[in-house]
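J.: from the sequence below, what's the structure:
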Amino acid sequence: MLEDLRVRSGLYADDFTDFWNLKVLASVLFMFFTSIGPAATFASLLQYKTDDDIGAVEVFMSTAITGVMWSFLAGQPLVILGVTGPVSILTISIYTISDSWGIKFLPFYAWSQIWASLMHILLAIFNFNDLITLITRFSVEIFGVLIAVIYLYTGIVGIKEGFEDSGFEGGIFQLLISLGTAWLGLQLAGARKWVVLNENLRDLVSDYGPTFSLVLWSAVPYMSPSARDVDIEKLDVPDRFDTTSGRAWLIDLTDIPVWAAFAAILPGFIITVLFFFDHNVSSLMAQAPEFKLRKPSAFHWDFFVVGVCIFVTGILGIPPTNGLIPQAPLHTRSLTVTRSQEVTSATGETRRVDVVVKVHEQRVSNMGQAILIGIMCFNPFLDIIRLVPTAALDGLFLFMGAASFADNQLAERIALYFTEPRLRDCVHRFYSEVPFDFITKFTMIQALACAIIFGVTLTPGAVVFPVLIGVLIPLRLLLLPKYMDKQYISSIDPADESFEFDEPADADARDSSAYDEDAANGHLPSSYRRVDDPEKSDTPHTKTNSIVLQDNHNEADLADV
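T.: Down below sits the predicted model:
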């Protein structure tokens, strides 16, 4: 953990310099909207299920406070923190337990987080994060598709409830807003593949597209008197900055029996199990090799910082936060500079793809989106947020879900299965090395596991969600090799190569020299070397710095984002 801190501290000043460009500003706005939408939705659920003990202000403040703390303290500031669906489910479960035991919820919730904070800190100190080296693409791909499906499901359920709450006319109007937000966001986000305008303008449209779509479709209900007369749902937020129930911000930890404070160790342990996988996977996805990040990771130190953040949220009685999916990888992607390049696929066909040139690795965009969310807790911004139709947020869920499939090989292989055989094409090397029947079997196992876990999240047993994700690791490492061809498995999911960061065989010279050019220009310390070249590094890195989430045999693998 201290080594993580030492390595990253040498780059701390540089983290605050590479931010003065439109792409970073676009990322701030994009991440603000993609974070505040789910936060508002989960806040509405928590307010209903906890009898106003936790609402929109608590969730917004949790996201803002921990986001700013993370931006200053974390080793990898590209990871976006926030309140997740599993955290919301776990919070509701803790409320149910406290209610059934006849004890006060908020002190019990606070103690649960304090114990979880202690567990996080101990795990970080004793380097338990080394266990994430057992995680391969098999688990990460399932988890990524699962989160994407949950977002799609949430958006669809929101559209369905629009018909139930607002009648047929209001439901149709909200359906139009939701689909319009998602469709326009996807179209504008893909502007880099357009042939009109110039490259800079296409980048600008792509960066600001999702934000523009949300703002535009949020304004649609106010564009005419007839539209304003249609009854549709709006965001439910308080009139002023205060806790939802009017209670004090600091929790009285002595307001429950001593036995209850120690009993909170159990939910604290569950929080820790959930965050150990959820946060580390989101961190892995935000630092996936296709982004070609040049600064090292800091998994041990970052988990320590998560523990500190949990302690703060605990004593305030607000929900704990951890790395968000898909927001964390979306944040990195929004900061990526790409160029178009011709590549040859595994079938010999040539096509143009976007190749990553660099990522603006800095702390300002994360801090900016967190501050904006915090500002939303005060007037007059509460009055503005109150005008946003929930249908636009449902559309944002659909957009994020669809966007999350883009770089997921499981989603790609599922799409290949339904593609006409003569039209199938894949840039990944395993496609030319592994029989398609085997690819299909491997993919169906992943899809079935994803479907089972998703089904569990819809039941009262959703609290076991992190345990089921954890079971995927021995399933991949111990069970599958006994019944399936090991060589084929390794080609699709190379677990034995998970600690190597190989350059693509045909890597472009500009990419390999970009680091040295930046160092020479003062953008990075000259003594620093790329993480993917550890033999040339003057700085030791933990083995988790170079975990590969994707085979890097063709440059298209690194950049089709």
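J.: now do the one helix or strand Val353 maps to, average pLDDT.
T.: Using DSSP states H and E, Val353 sits within strand 350-359. The predicted model gives strand 350-359 an average pLDDT of 79.
J.: which positions in it come out as buried?
T.: By neighbour count on 16 or more other C-beta atoms under 10 Å, the buried set for strand 350-359 is 353-359. All C-beta spots, glycine's among them, are computed from the backbone N, C-alpha and C.
J.: and which of those residues is nearest Ala227?
T.: Taking C-beta to C-beta as the measure, Ala227 lies nearest Asp354 of the buried residues of strand 350-359, at 38.0 Å.
J.: report the central residue of this protein.
T.: Nearest to the geometric centre of the chain sits Ile325, at 2.1 Å (C-alpha atoms, centre = their mean).
J.: what ranges do the strands span in this structure?
T.: 81-82, 322-323, 336-344, 350-359 (DSSP state E).
J.: all helices for the stretch 301-450 of the chain, in order.
T.: Using DSSP state H, counting those that start in this stretch, the helices of the stretch 301-450 of the chain run over 327-334, 364-375, 381-385, 390-404, 409-417, 430-433, 436-457.
J.: ok, which of those helices comes nearest Ala39?
T.: Shortest separation from Ala39 across those is recorded for helix 364-375, at 7.0 Å, computed as C-beta to C-beta.
J.: reformat the strands of the chain as a markdown table; add distance to Asp394.
T.: A markdown table is the format used below for the strands of the chain (distance: least, C-beta to C-beta, whole Å):
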| stretch | distance to Asp394 |
| --- | --- |
| strand 81-82 | 18 |
| strand 322-323 | 24 |
| strand 336-344 | 27 |
| strand 350-359 | 29 |
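J.: relative to Met119, which of the ones you listed is closest?
T.: When the strands of the chain are compared by C-beta to C-beta, strand 322-323 sits nearest Met119, at 13.3 Å.
J.: strand partners of the closest one, parallel vs antiparallel please.
T.: Sheet pairing here is set by DSSP bridges, and for strand 322-323 it gives strand 81-82 (antiparallel).
J.: who touches the partner strand?
T.: 35, 38-39, 63, 66-67, 70, 306, 309, 321-324, 327, 370 (C-beta atoms under 8 Å, 6 or more residues apart in numbering).
J.: and these, which is the shakiest by pLDDT?
T.: Minimum pLDDT for these is recorded at Pro38 (77).
J.: quick one: residues contacting that residue.
T.: Residues near Pro38 by C-beta under 8 Å, 6+ apart: 82-83, 85, 151, 324, 327, 397.
J.: for Arg363, same thing?
T.: For Arg363, the contact set (C-beta under 8 Å, 6+ apart) comprises 15-16, 19, 71-72, 77.
J.: number of residues surrounding the nearest residue to it once chain neighbours are set aside?
T.: In this structure, Arg363 finds its nearest non-sequential neighbour in Pro77, 4.2 Å apart by C-beta to C-beta, 6 or more residues apart in numbering. Pro77 is flanked by 27 other residues according to other C-beta atoms under 10 Å.
J.: any regions of this protein where pLDDT drops low?
T.: Along the chain, the parts satisfying pLDDT under 70 run over 344-348, 463, 495-561.
J.: quick one, longest helix in it?
T.: In the chain, taking DSSP state H as the definition, the longest helix is helix 137-189.
J.: next, the angle from it to helix 390-404.
T.: Comparing the axes of helix 137-189 and helix 390-404 via axes from the mean of the first three to the mean of the last three C-alpha atoms, to 10 degrees yields an angle of 120 degrees.
J.: quick one: list the elements packing against helix 137-189.
T.: helix 22-49, helix 199-219, helix 265-286, helix 390-404, helix 409-417, helix 436-457, helix 465-474 (3 or more C-beta pairs under 8 Å, 6 or more residues apart in numbering; DSSP states H and E).
J.: and if we set it to 7 Å?
T.: In this structure, helix 137-189 makes packing contacts with helix 199-219, helix 265-286, helix 390-404, helix 409-417, helix 436-457, helix 465-474, judged by 3 or more C-beta pairs under 7 Å, 6 or more residues apart in numbering; DSSP states H and E.
J.: what's next to the third one, contact-wise?
T.: Pointing back at helix 390-404 there. 33-34, 37, 40-41, 144, 147-149, 151-152, 154-155, 158-159, 162, 174, 177-182, 185-186, 189, 210, 214, 217-218, 232-235, 326, 330 (C-beta atoms under 7 Å, 6 or more residues apart in numbering).
J.: wait, doesn't Val364 sit right on Val24?
T.: Yes: in this structure, Val364 is within contact of Val24 by C-beta atoms under 7 Å, at 6.2 Å.
J.: ok, back up a step: for the helices of the stretch 301-450 of the chain, which one sits closest to Ser226?
T.: That would be helix 390-404 among those, by C-beta to C-beta, at 16.8 Å.
J.: what comes up buried for that closest one?
T.: 390-404.
J.: and for stretch 245-259?
T.: 251, 256.
J.: burial measure for Asn129, as a count.
T.: Applying other C-beta under 10 Å, we find 24 residues neighbouring Asn129.
J.: now swap in Pro474 and tell me
T.: Residues lying near Pro474 (other C-beta under 10 Å) number 11.
J.: go on, the one 10 residues further on?
T.: If you count neighbours by other C-beta under 10 Å, Met484 ends up with 14.
J.: from Phe173, how far out is it?
T.: 50 Å (C-beta to C-beta, to the nearest Å).
J.: equivalent analysis for Val308, please.
T.: 45 Å.
J.: tell me which of those two has more neighbours.
T.: It is Phe173, of Val308 and Phe173, that has more neighbours when counted by other C-beta under 10 Å, with 21 against 16.
J.: tell me the contacts of that one?
T.: Phe173 neighbours (C-beta under 7 Å, 6+ apart): 230, 232.
J.: which residues touch Pro238?
T.: 56-57, 244, 382.
J.: out of those, who has the most neighbours?
T.: Within the contacts of Pro238, Ala56 tops the neighbour count with 26 neighbours, counted by other C-beta under 10 Å.
J.: any idea how far it lies from Tyr95?
T.: Applying C-beta to C-beta to Ala56 and Tyr95 gives a distance of 17 Å.
J.: count of neighbours near the residue nearest to Arg228 when sequence neighbours are not counted?
T.: In this structure, Arg228 finds its nearest non-sequential neighbour in Tyr222, 5.9 Å apart by C-beta to C-beta, 6+ apart. Here the count is done by other C-beta under 10 Å, and Tyr222 has 11 residues near it.
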